[in-house]
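J.: Starting from these lines, generate the structure:
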Amino acid sequence: MKLSKLIYTILPMVSILTVIAYLLLLNYQKKKFVQGTNTKYTIAKIVEYRIVGTESRWLVYNFNVKKEQYKGKYNLGYKFRENHYLKMKTLVGKKFLVKYSIDKPTFNKIYMDKPIPDSLLNCTTCTWETPPF
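T.: Numbering: from 1, shown residues only. Just a heads-up that it's a prediction; the model follows:
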């Protein structure tokens with residue numbers, strides 16, 4: 001009887017700790033790759049505004065590297081409530097600068113404060129070593 005209680009108590013705790021450790025490792029790897037020197041910049045297009053649960057808001061974006069499409073997500077956090085819903089929806093279709101790891105483009109970071117200027121809007125395969133503007 002005591003053994004089964006122990007199993008039902010320890011097993012969920014070990015599972016939760018394993019998931020937390022995995023997420024922390026993944027976050028560390030992403031920061032390491034994106035903040036490293038082996039990165040480039042390109043253009044990302046916002047393709048979706050997503051509400052997850054009751055609070056979390058995300059922008060989903062796509063970008064191309066060597067004719068392959070990658071996806072990223074930008075967490076808007078809790079600062080944007082329902083009254084900002086229409087404003088966020090207007091970002092769908094807009095383009096912004098994104099930094100990505102050359103080794104692993106799935107590790108990327110979008111710069112929402114760097115909208116793409118009109119002169120570069122049609123550039124779908126442009127890449128830069130440093131931000132172009």
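
J.: Output stretch 49-57 as CSV, nothing but the C-alphas.
T.: Extracted in CSV, the C-alpha atoms of stretch 49-57 (Å, rounded to 0.1, in the frame of the first residue of the first chain):
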residue,chain,number,x,y,z
TYR,A,49,-2.5,36.0,-34.6
ARG,A,50,-3.2,33.3,-32.1
ILE,A,51,-4.9,33.3,-28.7
VAL,A,52,-3.9,30.4,-26.5
GLY,A,53,-6.1,29.8,-23.5
THR,A,54,-7.6,32.9,-21.9
GLU,A,55,-4.5,35.1,-21.6
SER,A,56,-1.6,34.2,-23.9
ARG,A,57,-1.4,36.0,-27.2
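
J.: Does F96 belong to a helix, a strand or coil?
T.: Of the three states, F96 takes strand under DSSP: H, G, I helix; E, B strand; the rest coil.

J.: Kindly apply the preceding question to N62 instead.
T.: Judged by three-state DSSP, the three-state class of N62 is strand.

J.: residues in contact with it?
T.: N62 makes contacts with A44, K45, V47, Q69, Y70, K71, G72, as judged by C-beta atoms under 8 Å, 6 or more residues apart in numbering. (C-beta placed from N, C-alpha, C; glycine too.)

J.: how about 6 Å then?
T.: K45, V47, Q69, K71 (C-beta atoms under 6 Å, 6 or more residues apart in numbering).
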